[in-house]
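A.B. asks: Any chance you could fold what I've pasted below:
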Amino acid sequence: MNLPNRLTLLRVALVPLFLVLCLVAFPFHYTVALAVFGAAAFTDFLDGRIARKQGLVTDFGKFLDPIADKLLTTAALLVFLAQGCLDVWAVMLVLAREFMVTSVRLMAAGDGTVVAASFAGKLKTVAQYIAIIAMLLALQWRELCVGFGFDPLWSSLPILAAQILLWVSVVLTCWSGVQYLWQYRRYFSADR
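C.D. replies: The predicted model follows:
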């Protein structure tokens with residue numbers, strides 16, 4: 001197994017650790033979770049860069065990389081939902097897009113076609129990563145504000161800003177999903 005694929009597998013392995021760090025309360029747990037999330041997101045950047053630069057692009061990597069991204073971002077969205085910082089509709093829209101695109105990938109794989117990530121797909125991933133980082137920082141800030149007895153307004157403004165970023169990422173997620181569906185619409189014809 002080549003290095004890019006190992007990095008992708010590492011990203012998958014970091015997801016449960018990220019979840020535990022978010023959900024088990026201890027001092028600065030969101031900061032530690034953010035470090036793990038950052039490391040996982042960095043593997044996403046590294047694996048693609050190394051694969052392209054060294055000619056190590058594989059069908060396995062093209063298939064597993066988007067799944068690893070989905071696992072990481074979905075874990076974060078579910079944490080935010082559990083914390084009451086994200087609306088269930090946002091999570092549902094993201095999951096619906098991910099299921100549809102994964103279905104397209106599976107149908108294409110049946111024809112021997114590998115559906116690689118598009119520019120819009122990569123853009124939505126970056127937007128999701130930025131929004132997730134913002135929310136993790138806001139959650140850590142909220143815990144600090146509560147711990148020091150600050151006015152709740154000081155902790156709610158960063159949460160609101162992060163929620164706006166999350167909704168921007170949801171819009172980009174839906175947009176990229178529509179592009180995938182349009183580009184591979186032949187897999188949804190009644191004649192198939």
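
A.B. asks: Could you use CA atoms for every contact and neighbour count after this?
C.D. replies: Fine.

A.B. asks: What helix or strand is the residue sitting nearest the centre point of the chain located in?
C.D. replies: A centroid search over the chain (CA atoms, centre = their mean) returns Thr73, at 2.5 Å, as the residue closest to the centre. Using DSSP states H and E, Thr73 falls within helix 59-82.

A.B. asks: what's the distance between whichever helix or strand comes after that helix and the middle of its chain?
C.D. replies: Next helix or strand after helix 59-82 toward the C-terminus (DSSP H and E): helix 88-110. Mean-position distance between helix 88-110 and its chain equals 13 Å (CA atoms, centre = their mean, to the nearest Å).

A.B. asks: again, but for stretch 16-23
C.D. replies: 15 Å.

A.B. asks: helix/strand/coil for Val115?
C.D. replies: coil (DSSP: H, G, I helix; E, B strand; the rest coil).

A.B. asks: distance of the closest residue to it other than its chain neighbours from Leu78?
C.D. replies: Of all residues not flanking Val115 in the chain, Arg105 sits nearest, at 5.6 Å (CA to CA, 6 or more residues apart in numbering). In this structure, Arg105 and Leu78 are 24 Å apart, going by CA to CA, to the nearest Å.

A.B. asks: Looking at these two, which one has more neighbours?
C.D. replies: Arg105 (19 against 16; other CA atoms under 10 Å).

A.B. asks: That one against Asp111, yeah?
C.D. replies: No. Counting by CA atoms under 8 Å, Arg105 does not reach Asp111; the two are 10.0 Å apart.

A.B. asks: Quick check: chain neighbours aside, which residue is closest to Phe80?
C.D. replies: Leu86 (5.4 Å).

A.B. asks: ok, now which ones touch that neighbour?
C.D. replies: Leu77, Phe80, Gln163 (CA atoms under 8 Å, 6 or more residues apart in numbering).

A.B. asks: Right, I'll leave it there.
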